[in-house]
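Here is a sequence together with a model predicted from it:
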Amino acid sequence: MIQDIYPSRLNNSYGPYEMREEDCALVFDEGGRLLVQLEEGVIRFPTGAQARGREAVYLFAVDERRYFLVTDTDPLPESFRYYSLREMRDCGGSGTGIYAAFTAWHLWKWYRDNRLCGRCGSPLVLHEKERALRCPQCGQVIYPRINPAVIVGVIKGDCLLITRYRKGFAHNALVAGFTEIGETLEQTVEREVMEETGVKVKNIRYYKSQPWGMAQDILMGFYCEAEGDAEIRVDRNELKYAEWIPREEIVLQPNNLSLTNEMMQRFKSGEEG
């Protein structure tokens, strides 16, 4: 999955660091595309030396390599071009590069969407001691947003409930959705499966989690069994397709970055269900 970068490790502790020449400079355009070199799945970022003199905010480190968000968007070297996260993913981006890109996008969007205080309307400033924004007028402190969401592998005998989204990602997926206020994660599983496919479920069990910066998510994977006749009634506002697919006929996604694909793979290989 995207976070599986062992033996490398993410260090997301905040520090008020200055960008050095050897650090990575991450530059996003207004649409959220990231300036990189992408060749045969290898993603390279501009260096601090190439972004010298530009305003930058420290994001995180992977091993000893530090990553900074460059907020001054003056032109950088012509050998780089802007790619969306989906383009980088579809072009086979892997390893620490794609993981850094997804994680940086999560923080870029948070910084972009939180320029003014929601309480008094004053401009926000960087907090001096932690990853947060602070209002100098009313004192409110804002932390990065993380959306809890579930991925659900619904099992009926030797079949798995496979879906495709109505728009956006075009490959096979599982039922997924965001947790609403007042719900447990298990209640989210029950509600999302019912709303999207009309299927009741039982024996809900947790599998694994995954950070997914593209949607500012923390994804939590669950398996469960269908209850009753398990007739599918597709919510066409959410899904293009939902069917019970025998394990040997499941078509996986074209890469191994997502929790969804790993869960489908486990069922297909007989490790689950």
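The structure has been received and is ready for your questions.

The residue most central in space within the chain: what's its closest spatial neighbour, skipping adjacent residues?
Closest to where the C-alpha atoms of the chain average out (Cα atoms, centre = their mean) is Trp212, at 1.8 Å. Spatial nearest neighbour of Trp212, excluding adjacent residues (Cβ to Cβ, 6 or more residues apart in numbering): Leu219 at 5.0 Å. Using the backbone N, CA and C atoms, a C-beta is placed for each residue, glycine as well.

That neighbour bridge partners, please.
Ala149, Gln210 (DSSP bridges).

For burial, what's the neighbour tally of it?
If you count neighbours by other Cβ atoms under 10 Å, Leu219 ends up with 20.

Thought Tyr207 was touching it, still the case?
No. Here Leu219 does not reach Tyr207: they are 10.6 Å apart, not a contact under Cβ atoms under 8 Å.

Could you report the pLDDT at the residue nearest to Trp212?
Here, the pLDDT recorded for Leu219 equals 97.

shift numbering so it begins at 348
Sure, I'll start numbering at 348, so the last one becomes Leu566.

quick one, what contacts it?
By Cβ atoms under 8 Å, 6 or more residues apart in numbering, the residues touching Leu566 are Ala496, Val497, Ile498, Ala523, Ser556, Gln557, Pro558, Trp559, Leu606.

again, 7 Å this time
Ala496, Ile498, Ser556, Gln557, Trp559, Leu606 (Cβ atoms under 7 Å, 6 or more residues apart in numbering).

what's the lowest-pLDDT member of these?
Trp559 (94).

Could you report the distance from it to Arg428?
Distance, Trp559 to Arg428, using Cβ to Cβ, to the nearest Å: 24 Å.

Tell me the buried residues in the biggest helix by length in the chain?
Longest helix in the chain by number of residues (criterion: DSSP state H): helix 442-460. For helix 442-460, the neighbour count (16 or more other Cβ atoms under 10 Å) marks 443-458 as buried.

Kindly report the same for stretch 477-487.
For stretch 477-487, by 16+ other Cβ under 10 Å, it's Arg478, Leu480, Arg481, Cys482.

So which of these sit within strands?
Among the buried residues of stretch 477-487, the ones falling in strands (DSSP state E) are Leu480, Arg481.
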